[in-house]
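In: here's my sequence, what's the structure:
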Amino acid sequence: MSKYKQQVNLEIVRRGLVSVMNNTKWTKLRDSICRELPFTPPYQLKLVLDPSPYPEDFESDVWYLGDWSDECLKPFYAIEWLRIRPRYLRHRGQLIEPEVENIEPDLLSILHRHHIPYQKDGDTILIYGYARETGNISKGSEL
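Out: This next block holds a predicted model:
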């Protein structure tokens, strides 16, 4: 076992976290998003060992897409949670307001099909890799 994985495991135990996702579910989610959606939605990532999520500011619609490659998401065991914004602002020119592209129904369909638990949080969808308790996390439907 790598030193990094040992540190993650120690922090999970120290904080009393419970695993919600596994490698298979993370892989199905990533593959379905990359293959089925018209764009890869932006996300905010919180790793178990990092004190703050990245990016820190994720409270409104953004103009960029999410990088769902292995390099950005793996190792899956280190993901405490992933907050997805299933919309983004498509640039249309200097004088025209950006257009909001929304794929929330398509993303929710993927989550339901793969039985991925999530919480709907305003305009975002929160997927826990680990949680303190799983009673508040729905098994494939919003709260």
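
In: can you report phi and psi for the residue most central in space within the chain?
Out: Nearest to the mean C-alpha position of the chain, counting by Cα atoms, centre = their mean, stands residue 82 at 2.8 Å. Dihedral pair for residue 82: phi -130, psi 120, per degrees, to the nearest 10.

In: in contact with the spatially closest residue to it that is not a sequence neighbour, which residues?
Out: In this structure, residue 82 finds its nearest non-sequential neighbour in residue 127, 4.9 Å apart by Cβ to Cβ, 6 or more residues apart in numbering. No exception for glycine: its C-beta is placed from N, CA and C like everyone else's. Residues counted as contacts of residue 127 (Cβ atoms under 8 Å, 6 or more residues apart in numbering) are 21, 29, 81, 82, 83, 84, 111, 116, 117, 118.

In: can you tell me how far residue 127 is from residue 78?
Out: Separation of residue 127 from residue 78 (Cβ to Cβ, to the nearest Å): 14 Å.

In: ok, back up a step: make CSV out of the contacts of residue 127 and add pLDDT, distance to residue 132 and secondary structure.
Out: Supplementary listing: these in CSV, determined by pLDDT from 0 to 100; distance: Cβ to Cβ, whole Å; DSSP: H, G, I helix; E, B strand; the rest coil:
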residue, pLDDT, distance to residue 132, secondary structure
21, 97, 15, coil
29, 98, 22, helix
81, 98, 11, strand
82, 98, 17, strand
83, 98, 17, strand
84, 98, 21, strand
111, 98, 21, helix
116, 96, 19, coil
117, 95, 14, coil
118, 96, 16, strand
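
In: in CSV: those, plus distance to residue 42.
Out: Formatted as CSV, the contacts of residue 127 follow (distance: Cβ to Cβ, whole Å):
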residue, distance to residue 42
21, 19
29, 15
81, 15
82, 11
83, 10
84, 8
111, 17
116, 18
117, 21
118, 16
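
In: out of those, the closest to residue 70 would be?
Out: Within these, the smallest distance to residue 70 is 12.9 Å, found for residue 29 (Cβ to Cβ).
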